[in-house]
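Undergrad: Would you be able to build a 3D model of this:
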Amino acid sequence: MTKSDSAPTVTSGKNNPPGWIKVTNNAGWRPRDSQGELVYKDRLWILGGWFSNEESCPSDVWSSSDGKRWKLVTETAQWKHGDLPMTLVFEDKMWFMGGWYNGMLPDHSASSEVWMSSDGIRWQQATQSAEWTPRLAAGAVVFKGKMWILGGLENYRRWLTANPKSENDLKNDVWSSADGKKWQLTTNKAGWSPRAFHRAVVFEGRIWVFGGCGPERKLLNDVWCSEDGVKWSRVTPAAPWGPRKWFSSIVYRNRVWVLGGFHTSTSPTADRHLNFSDVWYSKDGENWNQMKSEPIWSARHAHSTLVFEDKIWVVGGKRDVLNLKAPTANIEHDKALVSEVWSLHIPENWFNDE
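TA: All right, here's what the predicted structure looks like:
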């Protein structure tokens, strides 16, 4: 299966799409993926991340005012579950929730801890054990004056080893909180299937959930929305950007965007993992256009995407393509992980002729 097989191309018809700018090839922090990301107090922030499954994840915090020069805010934050956490800005604070620790090492664990900070140095624990079960890779949004957690995965190691019990680890519950201490169950089973490595955004007065990895490790490209977190409507069962996980999503220029990600081919001739370098946008979640830009960042997954200073920013990620049947499958992760930073500015009137 090729990239084009899984994601039919729908182009915008623009003759001269904007090109991405590489702000820096080396941001100063060790290359990584799966980090938390925020825009807070006029700065870009990354928190924690992943180096390999045989190494403890970092708990460092970095920030930048321009995407090029990065400052180490703290080398060791009070939280430790830095792999695929849920991060938000709420009530003028940074919030760090859940996450995974220690990859495939013996003392691995997921978290239901909730932390907050106003400077990235001093972190205060809102709760050691939220009402939702310990998890990673959930959707997280701020909506109607509350923080929301949507779905996620309880045990990364079981899922990674294809343990049959991992099916029970995928969630489709929805929780909300006005203070990070007490969490209310909005629904135990949302309309969308249990999943992790998906994305959630707030757009046009609704919560949107799309893509990710569902039961039987099936990759998804469905799109759902809700006005209250309880009742969910399926906007489309299959968006044209194709099934994927570990992708990123933002809201920019009054549109929802999907960028990059990871798709597993089941070709009988080669069991390959494929990364994407595509960029899609939509005004309604059903009809999507692909923006084809030159230059653009290389194909990758588990990167960060943020909106800052009226631009889209892509930060870090992992860009390898692995042939799992090859004896060299266990490559050096640092050669695949990147500390690149890219930005893209789209003029406000660029969409006028659509």
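
Undergrad: Span of stretch 109-127 from start to end?
TA: The separation between the terminal residues of stretch 109-127, taken as CA to CA, to the nearest Å, is 17 Å.

Undergrad: Counting neighbours, which bits of that stretch end up buried?
TA: By 16 or more other CB atoms under 10 Å, the buried positions in stretch 109-127 come out as 110-117, 120, 123, 126-127. Heads up, the C-betas are built off the backbone N, CA and C, glycines and all.

Undergrad: Identify the residue nearest the residue most central in space within the chain in space, chain neighbours excluded?
TA: Centroid-nearest residue in the chain: residue 248, 4.6 Å away (criterion: CA atoms, centre = their mean). Setting aside the residues directly before and after it, residue 248 is nearest to residue 305 in space (CB to CB, 6 or more residues apart in numbering), at 3.7 Å.

Undergrad: and that neighbour, what element?
TA: Per DSSP states H and E, residue 305 falls inside strand 304-308.

Undergrad: how about the residue nearest to the centre of the chain, what does it touch?
TA: 199, 258-261, 303-305, 314 (CB atoms under 8 Å, 6 or more residues apart in numbering).

Undergrad: With pLDDT and distance to residue 84 added, can I get those residues in TSV?
TA: Converted to TSV, these look like this (pLDDT from 0 to 100; distance: CB to CB, whole Å):
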residue	pLDDT	distance to residue 84
199	98	12
258	98	18
259	98	17
260	97	16
261	97	14
303	98	12
304	98	12
305	98	15
314	98	17
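
Undergrad: Which of the residues you listed sits closest to residue 154?
TA: Within the contacts of residue 248, distances to residue 154 taken as CB to CB reach their minimum at residue 199, with 18.9 Å.

Undergrad: Okay, the closest one and residue 31: tell me how far apart.
TA: 22 Å (CB to CB, to the nearest Å).

Undergrad: and residue 275, bridged to which residues?
TA: Residue 275 forms beta bridges with residue 262, as assigned by DSSP bridges.

Undergrad: Check the gap between it and residue 288 for me.
TA: Distance, residue 275 to residue 288, using CB to CB: 19 Å.

Undergrad: go on, residue 103?
TA: Separation of residue 103 from residue 288 (CB to CB): 34 Å.

Undergrad: higher neighbour count, those two?
TA: residue 288 (24 against 18; other CB atoms under 10 Å).

Undergrad: Do me a favour and get the backbone dihedrals for the more buried one.
TA: Backbone torsions for residue 288, taken as degrees, to the nearest 10, come to phi -120, psi 140.

Undergrad: same thing with residue 23?
TA: Main-chain torsions, residue 23, degrees, to the nearest 10: phi -70, psi -40.

Undergrad: same check, this time on residue 349
TA: When read as degrees, to the nearest 10, the backbone of residue 349 gives phi -90, psi 10.

Undergrad: go on, residue 149?
TA: When read as degrees, to the nearest 10, the backbone of residue 149 gives phi -120, psi 130.

Undergrad: same deal with residue 160?
TA: Dihedral angles (degrees, to the nearest 10) for residue 160: phi -70, psi -30.

Undergrad: Stretch 212-225 spans what distance, first to last residue?
TA: Distance across stretch 212-225, first residue to last, is 15 Å (CA to CA).

Undergrad: Cool, thanks, talk later.
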